[in-house]
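Undergrad: Predicted model and sequence follow; I will ask about them next.
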Amino acid sequence: MALDPIKIEEALRAARSEREKLYQQARLTFSIRKAIHDLFDDPAYPQRRRSFGAIRNKLGIFEGKEQELRDMLFAMQARVHRGEGDDQLWHLPADAPRPVEPERPRPPYRLIILAVLAVLLLVLGLWKQIAGETPFETLSRLWPNPVEFETFAECIAAQPDSESIPNWRIKCQHMEFGRQ
């Protein structure tokens, strides 16, 4: 994945949350350090020396921020070989530590779960005031428990006249009688 420091710097400015700003800042630092390593790793420069002007031009985001770039180069273990200004020749040792790409922060799942639970508790708490009964009473009213009969004959006698014989016969045949 190519990391363009200019685009990442724009994303850093557009970040809304502190968490996103920290992540974009870490990505920007990583992309700059990776670009600097790639510049020094160029096989056309076997002695791993590059001018300060070439480094700044390659990155494109350090116009007027030369001291920040110098500080970053020193932090990466690069050293000045000779020269001044843009012609200053820098050397980065081959064994200098490589940058590690930052991980994208995970969404705050705990907060999402807590919010859902809070809303659920609020709804359950207000249920009795709104419906006039507890949620359990409402569910019991909507799904009544099956009536238990002692005998097959009681089951048949309790069936409404509107139901056809096969329907109530099936109901009564599959019931267990006399169990409490």
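TA: Yes, it's here.
Undergrad: if you skip the residues just before and after it, what's nearest to residue 66?
TA: residue 56 (7.0 Å; Cβ to Cβ, 6 or more residues apart in numbering). To be clear about C-beta, it is placed using only N, CA and C from the backbone, and glycine gets the same treatment.
Undergrad: Now name the helix or strand holding the one you found.
TA: Assigned by DSSP states H and E, residue 56 falls within helix 52-59.
Undergrad: Show me what that helix is packed against.
TA: Here helix 52-59 touches helix 18-40, helix 66-75, strand 89-91, going by 3 or more Cβ pairs under 8 Å, 6 or more residues apart in numbering; DSSP states H and E.
Undergrad: who does the shortest one pair up with?
TA: Sheet neighbours of strand 89-91, with direction, are listed as strand 49-51 (antiparallel), strand 79-82 (antiparallel) (DSSP bridges).
Undergrad: Now do the helix or strand following that strand: distance to the chain's middle.
TA: Elements were assigned by DSSP H and E; along the chain past strand 89-91, the next helix or strand is helix 109-131. Put simply, helix 109-131 sits 23 Å off its chain's centre (Cα atoms, centre = their mean, to the nearest Å).
Undergrad: what's the distance between the residue nearest to residue 66 and residue 7?
TA: Using Cβ to Cβ, to the nearest Å, residue 56 is found at 18 Å from residue 7.
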